[in-house]
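> Whatever this is, show me its structure:
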Amino acid sequence: MRHRTLTASVVLALLTGMAATTVTAPAAAAPGTPPTVRPAVHAPAVHAPAVHAPAVHAPAVLAAPDISVTNVQAHLNQFQTIASQNGGNRRAGSAGYTASVAYVKNRLQAAGYTVTEQICTDCTYRSNNLIAEWPGGPADQVVMFGAHLDGVSAGPGINDNGSGSATLLENALVLAQQNPTMTKRVRFAWWTDEEQGLNGSDFYVRSLTSTQRGYIKGYYNFDMVGSTNGGYFINRITSTTAAPLKAYWDSLGLQPEENTEGQGRSDDYSFQRYSIPTSGYAAGASYRKTTAQAAKWGGTANAAYDPCYHRSCDTTSNVSATVLNRNADGVAYAIWQLAVGGGTPTNDFSVAVSPTSGSVARGGSTTATVSTATTSGSPQSVSLSATGAPSGVTVTFSPSSVTSGGSSTMTVTASASASTGTFSVTVTGTGSVTRTATYTLTVYGSGGCAGGQVISNGGFESGSASWTASSGVITTSSQQPAHSGSYKAWLDGYGRSHTDTLSQSVTLPAGCTTYTLAFWLHIDTAETTSSVAYDRLTVRLGSGTLATYSNLNAAGGYQLRSLDVSGYAGQTVTLTFTGVEDASLQTSFVVDDVTLQAS
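Below is the predicted model of the structure:
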């Protein structure tokens, strides 16, 4: 949570803006009866008592799963390790923050989420939001759950806000594992630069069209949900949006209260400003627990909810397993009440090819693995086929049909007269639905020249795979669209002194006639001069400079740049793009679809 002092008028405006709808929640425990809760880590899990869904929710809702607090704490341990290995913190824009994004992203992608990194270009520390959407439910009916992933520079930021981030990550993984029928689309977000003024979430909401904002039926925020002297606070507690959060805690007899400390201080405020309904959980920051609160929740009266708020002691020891557990299960309850329906999931599957590209000489062959996975419902039979292969090239599969979850070997064979060049082959799986994957094939001539494409992941669609890049360079940000696909490399664009690099080691085969480095380059600048190159992009192969571009080369859209690199035949060298920006006025160098063809 960021520190912010609110004026009385702002607080009044926030309070009077809350809806006053009253909902029927599950019956609370009788006065004086201890709530039924699961014990802390290492103890057997005891499920919370059964509850009735609030009247505002649809019928036929499946029971929410139990979220393992042990698993949530395992994510917190990872955040702690990341901070320890990167200067002791996970502040936005730092190596610790970048590593935190990578950890969350990798877990989500492995679980089947559609994951997007959005670079916040006007954040105090330029860095990425992470957005993950589960592919089920109507796209115009979105329920969104968010937490800021960044911390302050003083420490590892485990309660603030590793706790909210880890809680959402484990809930996302459990949703994917359960794979229920969805009545609404669930979108998770991990925000950057919250500690500097809610900048990441504000950037995200501003980037949406009014129609896209209208699709979001509720935004739920989770900021500091494991405070050791914590309370049970809900944002806009009397609103309809808060109903499922309150219903779960009411079922435990917790008697939650309005989150007055957090009003206007966390990422829900970015959505609230655009009239998107909001709520969320919090366990408290620097405010002090009252005597009445200590009487009903336990803990120490007249002491801060989080004694390590924004301090170096905000480590994994600064988290209450009991408070964290109740928050994590409340999130699951809300997800299931808001977005999960009963019935049998629709059967669906995915198709992937590994590697995603390959080369073959005339008269030769190469192979790749086609993998399938059941993404919804039950496994099904999937028939495999391919289109887009050039003349003289055949593509076969062994076996030609698999049960989703299985794999097949794809063999690409080129005849002696096959067409040469680079081609996009579409691999199609056909079952109850049709799913596809793309394989980039290069066919080269036979003889002494091995030829082919020597750049790996030249379109950046596999993220940073095969590339070494500065933080935030390889991105899906909509602020600078890709030439093709979703990813590209965006160097500079900060409007201040800055250097970005992008590099990959390549081996150029010997014995070929031509060697051509090609890439699509878009240069966007705020510089007004027509004569001075203030900002530069330098392209090098090994120690040699191939070309230099600057703000003077700015143009609308992408331009294809081709460079002869035959002087490097037979060598293993590093291809490097270096963008250097001066102290003022931004210039963005956006690179995509890099190839180095030998023939």
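
> okay, and the helix or strand of the protein with the least pLDDT?
helix 8-16 (a mean of 35; mean pLDDT, DSSP states H and E).

> Show me what secondary structure element comes after it.
Later in the chain than helix 8-16, the nearest helix or strand by DSSP states H and E is helix 69-85.

> Okay, buried residues for that next one please.
Neighbour counts over helix 69-85 (16 or more other Cβ atoms under 10 Å) mark 69, 72-73, 75-76, 78-80, 82-83 as buried. For glycine as for every other residue, the C-beta is placed from the backbone atoms N, C-alpha and C.

> For Lys105, grab phi and psi.
phi -60, psi -50 (degrees, to the nearest 10).

> That one and Gln479: what is the separation?
Note on Lys105: its distance to Gln479, by Cβ to Cβ, to the nearest Å, is 19 Å.

> What of Phe271?
Look at Phe271 and Gln479: by Cβ to Cβ, they are 20 Å apart.

> Those two: which has the busier surroundings?
More crowded of Phe271 and Gln479, by other Cβ atoms under 10 Å: Phe271, with 23 against 17.

> Let me see the residues that make contact with stretch 282-300.
Around stretch 282-300, the neighbours that count as contacts under Cβ atoms under 8 Å, 6 or more residues apart in numbering are 1, 3, 159-160, 163, 222-227, 229-235, 254-255, 257, 259, 261-262, 266, 301-306, 309-310, 320, 323, 327.

> just the buried members of those residues?
Buried, going by 16+ other Cβ under 10 Å: 1, 159-160, 163, 222-227, 229-235, 254-255, 257, 259, 261-262, 266, 304-306, 309-310, 320, 323, 327, out of those.

> and those residues, which of them are in strands?
Among those, DSSP state E puts 222, 233-234, 257 in strands.

> Closest to Leu208 out of those residues?
Comparing those against Leu208 with Cβ to Cβ places Phe222 closest, at 20.6 Å.

> which strand residues sit across from that closest one in the sheet?
Following DSSP bridges, Phe222 is listed with bridge partners Tyr281.

> residue contacts, it?
Contacts of Phe222 by Cβ under 8 Å, 6+ apart are 145-147, 161, 163-164, 167-168, 280-282, 327, 331.

> Scan these and report the most crowded one.
Ser163 (36 neighbours).

> which one is it nearest to, not counting chain neighbours?
Gly226 (3.8 Å; Cβ to Cβ, 6 or more residues apart in numbering).

> dump the residue contacts of Thr434.
Thr434 is in contact with Thr428, counting by Cβ under 8 Å, 6+ apart.

> Give the bridge partners for it, please.
Here Thr434 sits in beta bridges with Thr430, going by DSSP bridges.

> Next, count neighbours for Thr291.
8.

> Asp268 too?
Neighbour tally, Asp268, other Cβ under 10 Å: 29.

> per-residue confidence at it?
On the pLDDT scale, Asp268 is placed at 97.

> gap between Gly284 and Leu324?
13 Å.

> what touches both of the two?
Contacts common to Gly284 and Leu324, judged by Cβ under 8 Å, 6+ apart, are absent.

> thinking again about what came up before, mind putting the ones in strands among the buried ones among the contacts of stretch 282-300 in JSON lines, pLDDT included?
Compiled in JSON lines, these are given as follows (pLDDT from 0 to 100):
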{"residue": "Phe222", "pLDDT": "98"}
{"residue": "Phe233", "pLDDT": "98"}
{"residue": "Ile234", "pLDDT": "97"}
{"residue": "Glu257", "pLDDT": "95"}
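
> tell me which of those is nearest to Glu527?
Distance to Glu527, by Cβ to Cβ, is smallest for Phe222 among those, at 42.1 Å.

> and the gap between the closest one and Ala63?
On the measure of Cβ to Cβ, Phe222 and Ala63 end up 22 Å apart.

> In three-state terms, how would the residue nearest the centre of the chain be classified?
Residue closest to the average C-alpha location in the chain (Cα atoms, centre = their mean): Leu130, at 3.1 Å. Secondary structure for Leu130, judged by DSSP: H, G, I helix; E, B strand; the rest coil, is strand.

> Does it touch Lys105 like I think?
Yes - Leu130 sits in contact with Lys105 when judged by Cβ atoms under 8 Å, with a separation of 5.9 Å.

> Give me the common contacts of the two.
Shared contacts of Leu130 and Lys105, counting by Cβ under 8 Å, 6+ apart, come down to 115, 117.

> close enough to count as contact, Gly230 and Pro307?
No - using Cβ under 8 Å, Gly230 is not in contact with Pro307, being 10.8 Å away.

> Can you add distance to Thr574 and give the buried residues of helix 69-85 back as CSV?
Shown next, in CSV, are the buried residues of helix 69-85 (distance: Cβ to Cβ, whole Å):
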residue, distance to Thr574
Val69, 46
Val72, 41
Gln73, 41
His75, 35
Leu76, 38
Gln78, 31
Phe79, 33
Gln80, 34
Ile82, 28
Ala83, 31
